[in-house]
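K.L.:
no sequence for this one, just the structure:
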């Protein structure tokens, strides 16, 4: 194998988080390399380093055998390395054409040649079989179309190495077919493609080579023809999946929180419902899972229960009495605590210490005579650090000095410090290493044993199948199935929740 | 028992002590960084006392501190706003408005419907003026939290509105003779500007009391914690049950109140109130907060730092006057000092982050760092 692009001993540290721990990774010309790994395994970080967006903390990358140090995406693109981002990196206020040629404008005597740009734009869109007006604002396009624009931009750069990080997450099935045909055209002409997708079977289908990342290490690599889905999953998880999810006896108590036909409008699209007529009941001592992909409405559902979003219709009751329009603050006081999905954006205050983050939501417990009693606060914080097993030098340590898993434990600890009766967790295992993942699941189980009702949302099938006593499958804001543990297989779950496959007629069965 | 046992076994004795001295040097450097505002103040005092005999005298220090107090009181309110991640450009105008309202009230309030003129006592004048300042702050807060106007724009608007009000009320003229008269029962306003309880000017006492109160709130009260959290990450704060909107509104109300107090002090010192008083004072207050190490992005800053920042600006200005440096140079030097302070601040943060990342990377790969 003759690699075009190679990462040599690459490490990357963000604050105290080790995203990559000395990775060697090579990509061959004319082949598609699929990169697998769980959330937080370091896939996106590695790709950002290859594409010049991030610089490695140590290690280097080689292009055709010579060391290169691209310091920006622009420099990498000039050397022939292009990336299609997981998070779209388009300017919504500019037109399709302006986005495609941003910082690469076609110029005649210093003036932007809009006619030439328009022609090139139409040509590339024709190639992608997408009928779009080059002058439309990107912000007016639907997500899938924006993704096509992103792909078109990479194609225009005539890259030798093309990195695709979750390129199909918002595409329809015909659009995916077109994309695959174009990937094949590209590889035939010698382009090296790196492909990352959560849809494992889809990625395996297009791949020539596969590589698996786990906890920032490259743990396995091989030819796609010689590996199976099972082999990939085993290397992704790193151990027998069952060991991660120990069996748990549940004693289900009285109902605590229930939602009745809750409807939530999509804040980004008024014609769409994020959550559509969802009803559920949580009992004491029970762990309920909500399985859903991005855009399924899982986050909106949890945020509605937590009081951040006001539902358009439906009622939410705690111990039989309606919560009405009680906001987050009141609901925390009533015993509902949320661990949000994006801990950096919604969970942590980076400028405060570990201890101050932990006590933030439960601060009112320590107030005497209008002031915070430091001793009581410190005691509760120390107890929580032990209880949720946060590895830190102390309560005064900076949040940034903690690893991703320990940061997540701080967010969970913060919720537990409010002494909740209902614990809502949105993707609690996202971006944490396997060890912390096991700790978090054990923590959830321990809280359930103490009588809390735990509701957690996940997009990882393995978690959905093994952790909850009861699983709701959410697709496009609708509950399309409800199962007890062991009642549904991985394959059924995937096909049921996949936004692209038309959801089958509701096959709900009463769970209790 | 030593913490060095946790180092990788590979590291020999020499490297261990090496890294220990290095770490020591780093923490020393860090400490110097943290104290930079104090150091700057100390340097100013030393340099000016060498260049001028009259700088380091009790009289001069008290005079200078009186000047500092006005800016420091405004800056305390500004600190709260900046901790929230906002900015308040209207405080200078509130200084003027507050003085004018005091002037109007002390000259006598014409009550048309009763056909009389009311002369409220001084304590009522003070309360009303502070209330006016807080009201301007409340308008700022409501514009920002309810109507989602950017803080810069909302307070820029109120900068003009408050100044316009001051000019309208006063009809553009200065109120002279605010001393009041005994037969009207409204004497004593001069106390704020020229009183000397326990030998120190009232304004210095006010600065000290307000600083202590703000520090107490920031360090000990739940509100202080809420404010730091809101400034650091308002989404996380909101999801933790912090009443983010209320916090955001209150800081503007306090900033308006502080500015009104400063306006009263100025009017009292001069025993007259001009509608133009306090122009560009908002910039001095922002400068003091920033020199004191607060981040304009919010979540970081202390009362101590802000006070030191106010002293640096005040002593610098008065010291240059004492040396007879031209006003034009004074302005230029003040600007340079502000930019320098922020550059140092950025340098410190980058330095700390890099130290953390490198140490962490070295520990993860278990290879000696280069």
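P.N.:
Structure's in. What do you need? In this text, all values refer to a predicted model and were calculated from it rather than measured experimentally. Residues are numbered from 1 along each chain as shown, chains lettered A, B, ... in the order given.

K.L.:
does the residue nearest in space to the middle of chain B count as helix, strand or coil?
P.N.:
Nearest to the centroid of the C-alpha atoms of chain B, with distances taken as CA atoms, centre = their mean, sits residue B:75, at 1.6 Å. With DSSP: H, G, I helix; E, B strand; the rest coil as the basis, residue B:75 sits in helix.

K.L.:
and it, how far is that from residue B:85?
P.N.:
Note on residue B:75: its distance to residue B:85, by CB to CB, to the nearest Å, is 17 Å. Glycine gets a C-beta too; all of them are placed from N, C-alpha and C.

K.L.:
looks to me like residue A:274 is in a strand.
P.N.:
Yes. With three-state DSSP as the criterion, residue A:274 is assigned to a strand.

K.L.:
need the pLDDT of it.
P.N.:
The confidence metric pLDDT takes the value 90 at residue A:274.

K.L.:
who's in contact with the closest residue to residue B:97 other than its chain neighbours?
P.N.:
Taking CB to CB, 6 or more residues apart in numbering or on different chains, and ignoring the residues beside it in sequence, residue B:97 has residue B:166 as its nearest neighbour in space, at 4.3 Å. When the contact criterion is CB atoms under 8 Å, 6 or more residues apart in numbering or on different chains, the partners of residue B:166 are B:93, B:96-97, B:99-100, B:275.

K.L.:
tell me the contacts of the residue nearest to the centre of chain B?
P.N.:
B:284-285, B:288-289, B:292, B:306, B:309-310.

K.L.:
how near is it to chain A?
P.N.:
When distance is defined by CB to the nearest CB, to the nearest Å, residue B:75 is 20 Å away from chain A.

K.L.:
just the pLDDT for that residue.
P.N.:
According to the per-residue confidence, residue B:75 scores 98 in pLDDT.

K.L.:
try residue A:242
P.N.:
As predicted, residue A:242 sits at a pLDDT of 60.

K.L.:
what about residue B:218, how many residues nearby?
P.N.:
19 (other CB atoms under 10 Å in any protein chain shown).

K.L.:
now the one 4 residues further on
P.N.:
Here the neighbour count serves as a burial measure; for residue B:222 (other CB under 10 Å) it reads 18.

K.L.:
and for the closest residue to residue B:306 other than its chain neighbours, the neighbour number?
P.N.:
Spatially, and ignoring its direct neighbours in sequence, residue B:306 is nearest to residue B:292 (4.2 Å; CB to CB, 6+ apart). By the criterion of other CB under 10 Å, residue B:292 has 26 neighbours.

K.L.:
quick revisit: can I get the contacts of residue B:166 in TSV including neighbour count?
P.N.:
Formatted as TSV, the contacts of residue B:166 follow (neighbours: other CB atoms under 10 Å in any protein chain shown):
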residue	neighbour count
B:93	29
B:96	27
B:97	33
B:99	32
B:100	30
B:275	25
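
K.L.:
how near is residue A:151 to residue A:62?
P.N.:
Per CB to CB, residue A:151 is found 26 Å from residue A:62.

K.L.:
who's more crowded, the two?
P.N.:
Set side by side, residue A:151 and residue A:62 show more neighbours around residue A:151, with 24 against 15, by other CB under 10 Å.

K.L.:
Provide the contact partners of stretch A:391-405 at residue level.
P.N.:
A:15-18, A:40, A:348-350, A:352-355, A:357-358, A:378, A:381-382, A:385, A:390, A:406-407, A:410, A:431-433, A:435-437, A:439-440, B:353, B:356, B:360.

K.L.:
counting only strands, which of these make the cut?
P.N.:
Applying DSSP state E to the contacts of stretch A:391-405, the entries found in strands are A:17-18.

K.L.:
of the contacts of stretch A:391-405, keep whichever come out buried.
P.N.:
By the neighbour-count criterion of 16 or more other CB atoms under 10 Å in any protein chain shown, the contacts of stretch A:391-405 include these buried positions: A:15-18, A:40, A:348-349, A:352-355, A:357-358, A:381, A:385, A:390, A:406-407, A:410, A:431-433, A:436-437, A:439-440, B:356, B:360.

K.L.:
just checking, which helix or strand of the chain averages the lowest pLDDT?
P.N.:
No chain was given, so I picked chain A. helix A:241-244 (a mean of 60; mean pLDDT, DSSP states H and E).

K.L.:
think we crossed wires, I meant chain B
P.N.:
Least confident element among the helices and strands of chain B, by mean pLDDT, DSSP H and E: helix B:13-34 (a mean of 60).

K.L.:
where in the stretch 251-370 of chain B is pLDDT low?
P.N.:
Scanning the stretch 251-370 of chain B with the threshold set as pLDDT under 70 gives B:353-370.

K.L.:
for chain A, what is the nearest residue in it?
P.N.:
residue B:299 (3.7 Å; CB to the nearest CB).

K.L.:
that residue touches residue B:83, doesn't it?
P.N.:
Yes. Between residue B:299 and residue B:83 there is a contact under CB atoms under 8 Å: 6.7 Å.

K.L.:
and for the two, which residues touch both?
P.N.:
B:228, B:231.

K.L.:
and these two? which has more neighbours close in?
P.N.:
More neighbours surround residue B:83 than the other of residue B:299 and residue B:83, with 27 against 23 (other CB under 10 Å).

K.L.:
who are the contact partners of the more buried one?
P.N.:
Contacts of residue B:83 were listed using CB under 8 Å, 6+ apart, and they are B:218, B:227-228, B:231, B:251, B:294, B:298-301.

K.L.:
residue A:360 now?
P.N.:
Contacts here follow CB under 8 Å, 6+ apart; on that basis residue A:360 touches A:349, A:352, A:414, B:225, B:229, B:236-237, B:240, B:242.

K.L.:
and those, which is closest to residue B:65?
P.N.:
residue B:225 (31.1 Å; CB to CB).

K.L.:
after the helix or strand the closest one falls within, next one along is what?
P.N.:
Secondary structure from DSSP states H and E places residue B:225 in helix B:222-232. The C-terminal neighbour of helix B:222-232 among helices and strands, as given by DSSP H and E, is helix B:234-239.
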